[in-house]
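**Student:** Next one to model:
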Amino acid sequence: MAKAVDAAATEIEYFSRNENDCVEVVAVVAVVVMVIVLTMVVGALAVLIGDIEVPSQVFGEATFVSDLFDRLKIDGVVGLGFRDIAKRDKPNVFDNMVSQGLVQAPVFSFYMNRMEADDRQSRLMLGGVNPEYYTGDFIYVNLTARHKWQFKMDRVQLFSGMENFSENGCQAEMDSTSTMIIGPRRDVIPLNIKLGGRPVSMPGPYEMFEFDCSSLDNLPAVEFIINGKKLSLSSEDYVIKMDGRCLSGFASRKGMLRDGQRFWRLGNVFMRGFYTQFDKGNRRIGFAQAKH
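**Tutor:** Numbering: from 1, shown residues only. All right, here's what the predicted structure looks like:
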């Protein structure tokens, strides 16, 4: 019977018990996920999610991972994007759950907690949404790319439109693998300055800012205008507290253009504020206020 699966993150390990566990070997591949290098043996095996078993699921068993992976508190990476048949992509586990009628709908959704300050764990819902984790109605926007969770964003603003960024519209993509909201330099640098941030040197390709931790209560909401509707992200969500510092969750880098337009990548900082529904069947994304 079709159902929905709601699961919080737990510490899980995969053990290949014997050489027959991994069958139908497809390839040995090297890939980069975020900035993590993996070498994998690709095969097929039954996968159990909650109480749903997905048979013959193609997966990669890592035989080598770069040092950064060892520092992350994750067990692995699960792809939930669109299958590109032209590239001979294999269906991911959620696509197989949908095609086999194992879930109620071709929809998955995320609740992201506020790190240590939140008693609730982050959750992934496969097959629908969980009303316990959001309030109000969803705001929907249609996708603008065939194989990406990409959509048109009207603009980003402060103070109900007194300050505007990407005011002529831009492209945005949801990215649960990214912590931050990453955008073009011409928008994110002045945004951080308007918020009272100051530049800070951090390793990596991104330009970062930080705030005075004693002034967080005075930080305004950052408003995202999507499909004509306003989504207000509070400082509780866009400030990253780390090692006694208060970093801005808005980072910039060069080359943030896509399809000739300015481009924003909306990571977990954005998803903390908004319960996010990924509707594969209707090719749209829905946002509702997260309930913390």
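**Student:** The stretch 51-200 of the chain: strands as residue ranges?
**Tutor:** 52-65, 107-111, 123-126, 134-142, 150-153, 155-158, 163-165, 170-174, 181-184, 198-200 (DSSP state E, counting those that start in this stretch).
**Student:** who does the longest one pair up with?
**Tutor:** Applying DSSP bridges, strand 52-65 is found paired with strand 36-49 (antiparallel).
**Student:** Pull the residues that contact stretch 146-161.
**Tutor:** 81-84, 141-144, 163-175, 183, 187, 191, 194-195, 220, 222-228, 258, 264, 278, 285 (Cβ atoms under 8 Å, 6 or more residues apart in numbering). The way it works is simple: take the backbone N, C-alpha and C, and place the C-beta from them, glycine included.
**Student:** Put the buried members of the residues you listed into a ChimeraX selection.
**Tutor:** Burial among the contacts of stretch 146-161 is assessed by 16 or more other Cβ atoms under 10 Å; the matching ChimeraX selection reads:
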select :82,141,143,144,163,164,165,166,170,171,172,173,174,175,183,187,191,195,222,223,224,225,226,227,258,264,278,285
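**Student:** Which of the strands of the stretch 51-200 of the chain sits closest to residue 271?
**Tutor:** Closest approach to residue 271 among the strands of the stretch 51-200 of the chain (Cβ to Cβ): strand 107-111, 5.7 Å.
**Student:** Taking strand 170-174 as reference, get the angle to that closest one.
**Tutor:** Angle, strand 107-111 to strand 170-174, by axes from the mean of the first three to the mean of the last three Cα atoms, to 10 degrees: 90 degrees.
**Student:** Which strands or helices does the top helix by length along the chain pack on?
**Tutor:** The residue-count maximum for a helix in the chain (DSSP state H) belongs to helix 185-194. Judged by 3 or more Cβ pairs under 8 Å, 6 or more residues apart in numbering; DSSP states H and E, helix 185-194 is in contact with strand 155-158, strand 163-165, strand 250-253, strand 261-266.
**Student:** Now distance to residue 250 and mean pLDDT too, for the strands of the stretch 51-200 of the chain, in CSV please.
**Tutor:** Listed next are the strands of the stretch 51-200 of the chain as CSV, based on distance: least, Cβ to Cβ, whole Å; pLDDT from 0 to 100:
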stretch, distance to residue 250, mean pLDDT
strand 52-65, 29, 77
strand 107-111, 20, 95
strand 123-126, 25, 92
strand 134-142, 20, 98
strand 150-153, 14, 98
strand 155-158, 9, 98
strand 163-165, 10, 96
strand 170-174, 13, 97
strand 181-184, 5, 97
strand 198-200, 12, 95
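**Student:** got the ones you listed as JSON lines, with distance to residue 232 columns?
**Tutor:** JSON lines is the format used below for the strands of the stretch 51-200 of the chain (distance: least, Cβ to Cβ, whole Å):
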{"stretch": "strand 52-65", "distance to residue 232": "36"}
{"stretch": "strand 107-111", "distance to residue 232": "18"}
{"stretch": "strand 123-126", "distance to residue 232": "22"}
{"stretch": "strand 134-142", "distance to residue 232": "12"}
{"stretch": "strand 150-153", "distance to residue 232": "14"}
{"stretch": "strand 155-158", "distance to residue 232": "10"}
{"stretch": "strand 163-165", "distance to residue 232": "14"}
{"stretch": "strand 170-174", "distance to residue 232": "16"}
{"stretch": "strand 181-184", "distance to residue 232": "14"}
{"stretch": "strand 198-200", "distance to residue 232": "24"}
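**Student:** Out of the ones you listed, which is closest to residue 269?
**Tutor:** strand 181-184 (5.2 Å).
**Student:** Can you list the strands that that closest one pairs with?
**Tutor:** Going by DSSP bridges, the partners of strand 181-184 are strand 250-253 (parallel), strand 261-266 (antiparallel).
**Student:** what residue ranges in the stretch 1-150 of the chain score low on pLDDT?
**Tutor:** 1-43, 62-75, 85-88, 115-119 (pLDDT under 70).
**Student:** ok, what's across the strand from residue 123?
**Tutor:** residue 8, residue 111.
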